[in-house]
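Asks: no sequence for this one, just the structure:
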């Protein structure tokens, strides 16, 4: 599976086009690390737990997008975009979307 | 005895402000030092924001790469920013933190590209989003992503 955020897969030609493939994932952290985060909010700096959480969430969103693209018969997703939004306090949704294509 | 009860909350706040000032500044100073070092280490990876590969490039392989970081402002900075918002105008106090977050996100992306032997990342995009709600903003997440390219002979 080729993933790119450019309009084509560099060095390949697009053979067929299947439409939009997307995947999303919502996660929240347990209360313990929410508490740690509010402490960190005092201190300032990187919120490691959240960096990791959002990274995992993004990986899962990409995985779901890839699965959808595969079920369409595609072997690449081009022009991949991400968006992050807050669903509730402490829960974040990550959405990944792109165009499913077959390249050669 | 009574005045201690009255004064204590103020003293606590001042104590927290002073503490936050030191922790916040030391985080920024140390992180910046590390970023400057890492930037030298990864400088052979070229970044570009153009959307497609120039036609004369011989592309061997390509792949999506990304890096992210979530940072929070310290209490001292947010307190100063709150004060500043009474009068309006530029809030310079957050600029170094966001600068550090962006550069670190880019570095993490570059490192991912480097580990897999890519030499160029094109169509680099930076996105910033707030995590948390209303007054309970936890921090800001910065993500940097692009298409890594391996060039053939």
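Replies: Done, it's in. Remember, predicted model here, so these are calculated numbers, not experimental data. Numbers count the residues shown, from 1 in each chain, chains lettered A, B, ... in the order given.
Asks: How about residue B:103, nearest residue that isn't a chain neighbour?
Replies: Distance criterion Cβ to Cβ, 6 or more residues apart in numbering or on different chains; nearest residue to residue B:103, sequence neighbours excluded, is residue B:35 at 5.1 Å. Any C-beta I mention is one placed from the backbone N, CA and C, and that applies to glycine too.
Asks: Lowest mean pLDDT among the helices and strands of chain A, which one is it?
Replies: Within chain A, no helix or strand scores below helix A:31-43, which has a mean of 71 by mean pLDDT, DSSP states H and E.
Asks: And the following helix or strand past that helix, what does it pack against?
Replies: Counting by DSSP states H and E, the next helix or strand C-terminal to helix A:31-43 is strand A:45-46. Judged by 3 or more Cβ pairs under 8 Å, 6 or more residues apart in numbering or on different chains; DSSP states H and E, the packing partners of strand A:45-46 are helix B:2-41, strand B:59-72.
Asks: List the buried residues for the shortest one?
Replies: By 16 or more other Cβ atoms under 10 Å in any protein chain shown, the buried positions in strand B:59-72 come out as B:61-72.
Asks: contacts with chain A among the residues you listed, please.
Replies: Counting by Cβ under 8 Å from any Cβ of the partner chain, B:61-64, B:66, B:68-72 from these sit close to chain A.
Asks: tell me the two of those that are most distant?
Replies: Greatest spatial distance in these: B:61 and B:72, 37.4 Å, computed using Cβ to Cβ.
Asks: Tell me the predicted confidence for residue 83.
Replies: The chain I'm using is chain A. If you check residue A:83, the pLDDT there is 89.
Asks: Not quite, go with chain B.
Replies: 88.
Asks: and if you look at residue B:132?
Replies: pLDDT for residue B:132: 72.
Asks: now swap in the one 4 residues further on and tell me
Replies: Reported pLDDT at residue B:136 in the predicted model: 64.
Asks: Please apply the same query to residue A:2.
Replies: So, for residue A:2, pLDDT stands at 92.
Asks: still on that earlier bit, who are the contact partners of the residue nearest to residue B:103?
Replies: B:100, B:103-104, B:107 (Cβ atoms under 8 Å, 6 or more residues apart in numbering or on different chains).
Asks: gap between it and residue B:100?
Replies: The gap separating residue B:35 from residue B:100 is 7 Å, by Cβ to Cβ, to the nearest Å.
Asks: how long is stretch B:108-128 from one end to the other?
Replies: End-to-end distance for stretch B:108-128, by Cα to Cα, to the nearest Å: 15 Å.
Asks: what's near enough to touch the residue most central in space within chain B?
Replies: Geometric centre of chain B, nearest residue: residue B:101, 0.6 Å, by Cα atoms, centre = their mean. Contacts for residue B:101 were tallied using Cβ under 8 Å, 6+ apart; they are B:69, B:71, B:140, B:142.
Asks: Tell me which two in the residues you listed are the farthest apart.
Replies: Using Cβ to Cβ, the two most remote members of the contacts of residue B:101 are B:69 and B:140, lying 9.1 Å apart.
Asks: Can you get me a residue count around the residue of chain A found nearest chain B?
Replies: Of all residues in chain A, residue A:44 sits closest to chain B, at 2.7 Å by Cβ to the nearest Cβ. Neighbours of residue A:44 under the rule other Cβ atoms under 10 Å in any protein chain shown: 26.
Asks: That one contacts residue B:94, correct?
Replies: No. With contacts counted by Cβ atoms under 8 Å, residue A:44 stays clear of residue B:94, the gap being 10.6 Å.
Asks: any shared contact partners between the two?
Replies: Contacts common to residue A:44 and residue B:94, judged by Cβ under 8 Å, 6+ apart, are B:73, B:77.
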